[in-house]
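Trainee: Here you go, sequence then predicted model.
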Amino acid sequence: GTASSKFQKDDSDITYLQAQTDKTIGSISANQIGNINLQHSFKGKGGELTADLDFGRYTRDYSNTLLTETISIENPGQPDTGLLIEMPTTIDIRTAKVDYNRSVSSRWKMEAGLKTSYVASDNDMTLSQGEAGTLVKVDTLSNHFQYTEQVYAGYASFSGTIGEKTQVQAGLRVEHTHSVGNSLSFDQVVTRDYINFFPSLFISRPLSKNHSLTVSYSYRIDRPNYQYLNPARSYVDPYIYSRGNPFLNPQYTHSLELKHGFKEKLFTSIGASFVDDVVFYVIQPVDSIRTERTPDNFGTAQSYNLTVSFPIEVLKGWNMQVNVLGVYSQFDYTYLDVPTTVEQISGRLNASNTIVFGHGWTGEVTGWVSTPGVYIIHETPWLGSVDLGIQKSIGSALKAKLTLQDVFHSNKYMGKINAPS
């Protein structure tokens, strides 16, 4: 692929630095996965026990080569430059879990389990740069990063009915996490130990023949993946690169939802979510021409949403499923030492059409459109896309299908960042 950069001062149209970069990425990866499973059913109402041992290894040889032609009004005649990143990666995963379930009465069932997992990741990145054809390793930008994570978890849940109609499921999960991120090249070690409790509750009840109501609550954790924690750099061109953040914390979310169903066709839900330590990839300047993209924890977020989903029979043989979402969200964070609160109302419309033409021919038209929105400091414009598909059944054993994605090339994303001055 190619990447182009253009630098201007203020809002003038005068370009003082321009670069064109040819980028080549090479990646050879392999996976080896194994599982041992045991199942045992106890006599009578003794329940069932299952146990699993899982082993996995992932390896990848990765390279990123940049060749850049630079045009500078202030310093013309610059030679072509090159940049090479090589990063072999190995990830080992080992997990063991035991689950037990049994009926505790005619209406209630119990489930419980224990799980432990161990992950070890090794990334040895070498960065070389210089004039094209004479690249030299740069020790200050190369990095050997190792990461280990151990999670010990236990859970218990009960599900059953109260009265004649109300279905209930309640559970609690406890996790202890120990992780170590070790940047051997920079002599930087980040160690974390934390215990979390994650409750969940689900209640469902039919109100009448045509109406049903469901209430749910959950608390969850979203851990950053291993590359989010790796401080090694990955370049788009010489002026912008991504890197991980070894000090990144997990993101925690409380979710609530009240859902109403009518004839199992029309569904309306009201939901809310509250997020702590929001993980966000921020783009910020390093100097006058270089920019970095790195994940960080950005304060808190809360959102309230209204969703309506319903079918429409447009014509005989033409059915549509429509989903409408409206969201109010608020973000509270500090960026560049400036405390900020952002509020917004946004929406999204999804529609899926299925058309039966007859004689074995069927068609699909799916599309979506979303309003402009803001996420932390990132602004997004109107976006949308339409996909088409047609299918022909040839007898009972053969089908031919043609699909076209984003027919109007309308899903072109250009983000905008407003940073405090």
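Mentor: Ah, there it is.

Trainee: quick one: low-confidence ranges for the chain?
Mentor: 11-12, 415, 418-421 (pLDDT under 70).

Trainee: Most remote residue from the middle of it, which is it?
Mentor: What lies farthest from the middle of the chain is residue 44; by C-alpha atoms, centre = their mean that is 44.2 Å.

Trainee: Name the SS class of that residue, please.
Mentor: Here residue 44 is recorded as coil under DSSP: H, G, I helix; E, B strand; the rest coil.

Trainee: Tell me the spacing between it and residue 104.
Mentor: As judged by C-beta to C-beta, to the nearest Å, residue 44 and residue 104 stand 13 Å apart. (Glycine included, C-beta is placed from N, CA and C.)

Trainee: what sits against residue 364?
Mentor: Residue 364 makes contact with 352, 353, 354, 355, 387, 388, 389, 390, 391 under the criterion C-beta atoms under 8 Å, 6 or more residues apart in numbering.

Trainee: What strand or helix carries the last one?
Mentor: What it means is residue 391. strand 383-394 (DSSP states H and E).

Trainee: picking that back up, so among the contacts of residue 364, which ones count as buried?
Mentor: Buried by 16 or more other C-beta atoms under 10 Å: 352, 353, 355, 388, 390, out of these.

Trainee: List the buried residues in stretch 7-27.
Mentor: 17, 19, 21, 23.

Trainee: Output these in CSV, with distance to residue 314 appended to each entry.
Mentor: Listed next are the buried residues of stretch 7-27 as CSV, based on distance: C-beta to C-beta, whole Å:
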residue, distance to residue 314
17, 54
19, 51
21, 49
23, 46
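
Trainee: Please narrow these to those residing in helices.
Mentor: The members of the buried residues of stretch 7-27 all map outside helices under DSSP state H.

Trainee: Out of these, flag the one nearest to residue 210.
Mentor: residue 23 (57.5 Å; C-beta to C-beta).

Trainee: So which bits of the host helix or strand of residue 182 are buried?
Mentor: Using DSSP H and E, residue 182 sits within strand 166-183. Using 16+ other C-beta under 10 Å as the test for burial, strand 166-183 gives 168, 169, 171, 173, 175, 177, 179, 181, 182, 183.

Trainee: Tell me which stretches of the stretch 151-300 of the chain form helices.
Mentor: 226-229 (DSSP state H, counting those that start in this stretch).

Trainee: How much space separates the residue nearest to residue 271 when sequence neighbours are not counted from residue 215?
Mentor: Closest residue to residue 271 apart from its sequence neighbours, by C-beta to C-beta, 6 or more residues apart in numbering: residue 257 at 4.2 Å. Per C-beta to C-beta, residue 257 is found 7 Å from residue 215.

Trainee: Neighbour count for these two, which is higher?
Mentor: Each of residue 257 and residue 215 has its neighbours counted (other C-beta atoms under 10 Å); residue 257 has more, 17 against 14.

Trainee: so that one sits right up against residue 268, yeah?
Mentor: No - Residue 257 is beyond contact range of residue 268, at 11.1 Å (criterion: C-beta atoms under 8 Å).

Trainee: can you count the residues close to the residue nearest to residue 408 when sequence neighbours are not counted?
Mentor: Among residues not flanking residue 408 along the chain, residue 386 sits closest, at 6.0 Å (C-beta to C-beta, 6+ apart). Neighbours of residue 386 under the rule other C-beta under 10 Å: 17.

Trainee: which residues touch residue 386?
Mentor: Per C-beta under 8 Å, 6+ apart, neighbours of residue 386: 365, 366, 367, 406, 407, 408, 410.

Trainee: how about 6 Å then?
Mentor: Applying C-beta atoms under 6 Å, 6 or more residues apart in numbering, we find residue 386 in contact with 367, 407, 408.

Trainee: what do you get for residue 281?
Mentor: 293, 295.

Trainee: where's it relative to residue 228, distance?
Mentor: For residue 281 relative to residue 228 (C-beta to C-beta), the value is 9 Å.

Trainee: now do residue 222
Mentor: 11 Å.

Trainee: same check, this time on residue 409
Mentor: 31 Å.

Trainee: When these two are compared, which one has more neighbours?
Mentor: Shown here are residue 409 and residue 228; by other C-beta under 10 Å, residue 228 has more neighbours (16 against 8).

Trainee: residues touching that one, list them.
Mentor: Residue 228 neighbours (C-beta under 6 Å, 6+ apart): 244, 248, 295.

Trainee: State the phi and psi torsions of residue 109.
Mentor: phi -130, psi 140 (degrees, to the nearest 10).

Trainee: these two touch, right, it and residue 103?
Mentor: Yes - using C-beta atoms under 6 Å, residue 109 is in contact with residue 103, at 5.3 Å.

Trainee: thinking again about what came up before, contacts for whatever helix or strand comes next after the strand holding residue 391 next, please.
Mentor: Where DSSP H and E defines the elements, the next helix or strand beyond strand 383-394 is strand 398-404. Contacts with strand 398-404, where a contact means C-beta under 6 Å, 6+ apart, come from 388, 389, 390, 391, 392, 393.

Trainee: Would you agree residue 235 is in contact with residue 241?
Mentor: Yes - Residue 235 is in contact with residue 241 according to C-beta under 6 Å; the separation is 4.4 Å.

Trainee: coming back round to it: list just the nearest of the contacts of residue 386 to residue 78.
Mentor: residue 408 (40.4 Å).
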